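*Asks:* what follows is a predicted protein model with its sequence.
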2 protein chains.
Amino acid sequence: MQHLEQAVEQRLAAEGVRLTQGRRRTVEALSKIPGPRTAAEIHARVGSAVPLSSLYRSLSVLTDAGVLSAQHGADGVIRFELAEWFTGHHHHLICTSCGTVVDITPTVDQEKAMEQLVETMTAGADFDVSGHRFEIEGTCRACR
Amino acid sequence: MQHLEQAVEQRLAAEGVRLTQGRRRTVEALSKIPGPRTAAEIHARVGSAVPLSSLYRSLSVLTDAGVLSAQHGADGVIRFELAEWFTGHHHHLICTSCGTVVDITPTVDQEKAMEQLVETMTAGADFDVSGHRFEIEGTCRACR
DNA sequence: CACTTATTGAGAATGATTCCTATTATTGAA
DNA sequence: TTCAATAATAGGAATCATTCTCAATAAGTG
């Protein structure tokens, strides 16, 4: 995945942010662990090469620059993953029993319908829409 | 809204939990402030009548009993609101800047469209759907 | 009323995250 | 390459929402 590093570099350059060792390692670690990960998990992977305080700063910078996306889990811990423009736009199927999350990539029609919904639902509100999240809850086969 | 208190009482009784002064005040406060609220916001409303530590415990108990629902916002703070069987099904408009959340009640048509989406998106998956969550992200007027 | 048990209150403890600041790396220009 | 000028780092302290502890209190129950 050299494309990734290159793409990240461009993205950061566009934001006027340097791609340093620590940031490079952070992105690399995230690209190798599937799913959204906590700072602690990432730190376990990069080890002492990136101290925790620096890791947090890197995660923050990378998120601001749009390289990563952050989500707050039900346990109050932030999880990071590569932003959607790397992984593609997707939604989640969440098992309320075991917590497993499965990605779902919407079809063009489905996504279109969703954007239509966003539009009509925010028609009245004075709100600058930047995105949406559609999550389906239920029980996976293993938990039934 | 005496119905609310009665319904809450029944619900708690079914769970073997007492409806005490503090819990009553907590539910009452939440029923009077629209949208999901943080513990701090609720505490500002109930004042010293319910100490913060007790408030947190009440919120936890009420959530476990299904009277309230909790959500972890983008700012890492938990927000509580009356569960959907009190307030009706709704979705959220989330300001990614300040974390404020506003309820949106979908029209019948919108909700129908959403259920259609859920159906087509889970068509392939072996998944027992129990609900969905649709959240629109953006920037509120105050943050622009 | 007396007993048993759930609940409360006050503050300490926790833990993820952020802030501070001296030091170090990076970059652009000479 | 070398030198500023500036961005970034390390590490430790600080923050802050939330949880925990445990003695004191309130709520049902007989």
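*Replies:* Received the coordinates, thanks.
*Asks:* parallel or antiparallel, list what pairs with the helix-or-strand element of chain A with minimal mean pLDDT.
*Replies:* The weakest-scoring helix or strand in chain A, judged by mean pLDDT, DSSP states H and E, is strand A:101-104 (a mean of 78). Applying DSSP bridges, strand A:101-104 is found paired with strand A:91-95 (antiparallel).
*Asks:* low-confidence ranges in chain A?
*Replies:* The model of chain A has pLDDT under 70 over residues A:1-2, A:97-100.
*Asks:* write out the residues of it neighbouring DNA strand C.
*Replies:* Counting by Cβ under 7 Å from any atom of the strand, the residues of chain A lying close to DNA strand C are A:18-21, A:38-40, A:52-53, A:56-57, A:60, A:76-78. C-beta coordinates here come from the backbone N, C-alpha and C atoms, glycine included.
*Asks:* that older thread, what sits up against the least confident helix or strand of chain A?
*Replies:* A:35, A:90-95, A:136, A:140, B:121-122, B:125 (Cβ atoms under 8 Å, 6 or more residues apart in numbering or on different chains).
*Asks:* could those go into TSV alongside neighbour count and distance to DNA strand D?
*Replies:* Output for these, formatted as TSV (neighbours: other Cβ atoms under 10 Å in any protein chain shown; distance: Cβ to the nearest atom of the strand, whole Å):
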residue	neighbour count	distance to DNA strand D
A:35	11	23
A:90	12	27
A:91	22	25
A:92	16	22
A:93	20	26
A:94	22	20
A:95	20	22
A:136	23	25
A:140	19	25
B:121	22	31
B:122	17	31
B:125	15	31
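*Asks:* name the residues of the least confident helix or strand of chain A that are buried.
*Replies:* residue A:104 (16 or more other Cβ atoms under 10 Å in any protein chain shown).
*Asks:* and stretch A:109-123, by the same measure?
*Replies:* A:110-111, A:113-114, A:117-118, A:121-122.
*Asks:* out of those residues, who's near chain B?
*Replies:* Checking the buried residues of stretch A:109-123 against chain B by Cβ under 8 Å from any Cβ of the partner chain, the ones in range are A:110, A:113-114, A:117-118, A:121-122.
*Asks:* which residue ranges form the helices in chain A?
*Replies:* Secondary structure of chain A by DSSP state H: the helices cover A:2-15, A:21-32, A:39-46, A:52-64, A:84-87, A:108-121.
*Asks:* where does chain A come near DNA strand D, residue by residue?
*Replies:* A:17-18, A:20-23, A:48, A:50-51, A:53-54, A:57-58, A:61, A:76.
*Asks:* for PyMOL, what selects the buried ones among these?
*Replies:* To isolate the buried members of the residues of chain A next to DNA strand D in PyMOL, using 16+ other Cβ under 10 Å:
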select buried, chain A and resi 17+22+23+50+54+58+61
